[in-house]
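# take a look and give me a structure for this.
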Amino acid sequence: MTRMQVLAAGPHVTLQDGGRRGMMRFGVPASGALDRKALALANLALGNPPGAAGIEVSVAGLTLTCLDGPVSVSLTGGGFIVEHAGRRLGGWRVLTLRAGDDLTIRRGPWGSWCYLAFAGGLKAPLWLGSAATHGPTGFGGGQIGAGQVLKLVNPRQMAERALTCPVWARPRSVLHAVAGPQDRYFAAETLRTFFDSPFHVTDAWDRMGLRLRGPLVAPEGALSIPSQAILRGSVQVAGDGVATVLLSDHQTTGGYPKIATLLADDIDGLVQLRPRDALRFTAVTPEEAIALARQRAAAFAAFAARITP
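Numbering: from 1, shown residues only. The predicted structure follows:
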């Protein structure tokens, strides 16, 4: 059995997979990777299923040592710095670790999240059938900590290679959003402000959501609406007028009005922005959102086919 020991891990480094689907009706969010495409590509580059478990690494970094080997790993997501076998490399590559090798992943020039996958897969604790870690409770695969030993399943060795990071996998500062579903509670001028003004990422975030800094977009008399289902990518606004984008660990219902809903594909790029980075929302109709989603899905599938061994 191949094992990895964690030498150091910063905050918010967790085990994640493709998400815990079909549980929202029971009050359980999907969780899973913040940047879903990056985790899927890390797995596909090794021949794993796209939703297999991997490690989501924050800018705080991660250092592992390989106790037994060899095994190949891949790194995607943000433009992090990788140190291995005396080499200082960029992310987006496939490497092979041998017994005694250390692997260090550090914050690089861009991006907030890096994904580490293992050829063959990780043996991870499951909760409700998924290894996705639910941040507020820790249920699922769990947070990664120093001293922890990770066990791999069916480890494989593959050729080392660099992976091209596609443009659409980088941080995304223009986000497509459909107005609503509670846009009726916002004045027309407020909606124009939301879609025409710049916002900035703040330090007030967790895996549940990200508060933005920018113009206030307060609703008009909507704070007593019944609690309703919400989604990853919902932009909800409390009485203070501050917009918050809900992320992977979002609650499943909420009573704050949602001024807009982001295109799912754009959320992967949003989470790669860093605090103080600027962003804008651009309005699209539901029909335009569907067409754009299909176009991007085709681009993703074509790229995935090229990197899958």
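# where does the stretch 51-200 of the chain dip in pLDDT?
By pLDDT under 70, the stretch 51-200 of the chain has no low-scoring segment.
# what does the stretch 201-309 of the chain give?
Across the stretch 201-309 of the chain (using pLDDT under 70), the flagged ranges come out as 221-224.
# which stretches of it form helices?
Taking DSSP state H, counting those that start in this stretch as the test, the helices found in the stretch 201-309 of the chain are 264-270, 286-307.
# can I get those in JSON lines with distance to residue 245 and mean neighbour count?
The C-beta positions use only the backbone N, C-alpha and C, and glycine is treated the same way. Listed next are the helices of the stretch 201-309 of the chain as JSON lines, based on distance: least, CB to CB, whole Å; neighbours: other CB atoms under 10 Å:
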{"stretch": "helix 264-270", "distance to residue 245": "7", "mean neighbour count": "21"}
{"stretch": "helix 286-307", "distance to residue 245": "16", "mean neighbour count": "13"}
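# buried residues in stretch 240-260, which are they?
Neighbour-count burial for stretch 240-260 flags 242-250, 252, 254, 256-260 (criterion: 16 or more other CB atoms under 10 Å).
# from the residues you listed, which land in strands?
Those of these mapping onto strands are 243, 244, 245, 246, 254, 258, 259, 260, per DSSP state E.
# which among those residues gets closest to residue 306?
Nearest to residue 306 out of these is residue 245 (CB to CB; 30.9 Å).
# which ones are touching the residue lying closest to the closest one once chain neighbours are set aside?
Nearest in space to residue 245, with sequence neighbours left out and distances taken as CB to CB, 6 or more residues apart in numbering, is residue 210 at 4.9 Å. By CB atoms under 8 Å, 6 or more residues apart in numbering, residue 210 lies in contact with 201, 202, 204, 244, 245, 247, 270, 271.
# how many neighbours does residue 50 have?
Around residue 50 there are 17 other residues, counting by other CB atoms under 10 Å.
# now swap in residue 177 and tell me
Counted with other CB under 10 Å, residue 177 comes out at 22.
# for the one 5 residues further on, same thing?
Number of residues near residue 182 (other CB under 10 Å) recorded here: 19.
# how about the strands in the stretch 101-250 of the chain?
All strands of the stretch 101-250 of the chain, identified by DSSP state E, counting those that start in this stretch, fall at 102-118, 122-123, 149-152, 161-162, 174-179, 199-205, 209-213, 228-229, 234-237, 243-246.
# my guess is residue 82 contacts residue 94. True?
No - counting by CB atoms under 8 Å, residue 94 is not a contact partner of residue 82; they are 11.2 Å apart.
# center of this structure - which residue?
residue 34 (1.6 Å; CA atoms, centre = their mean).
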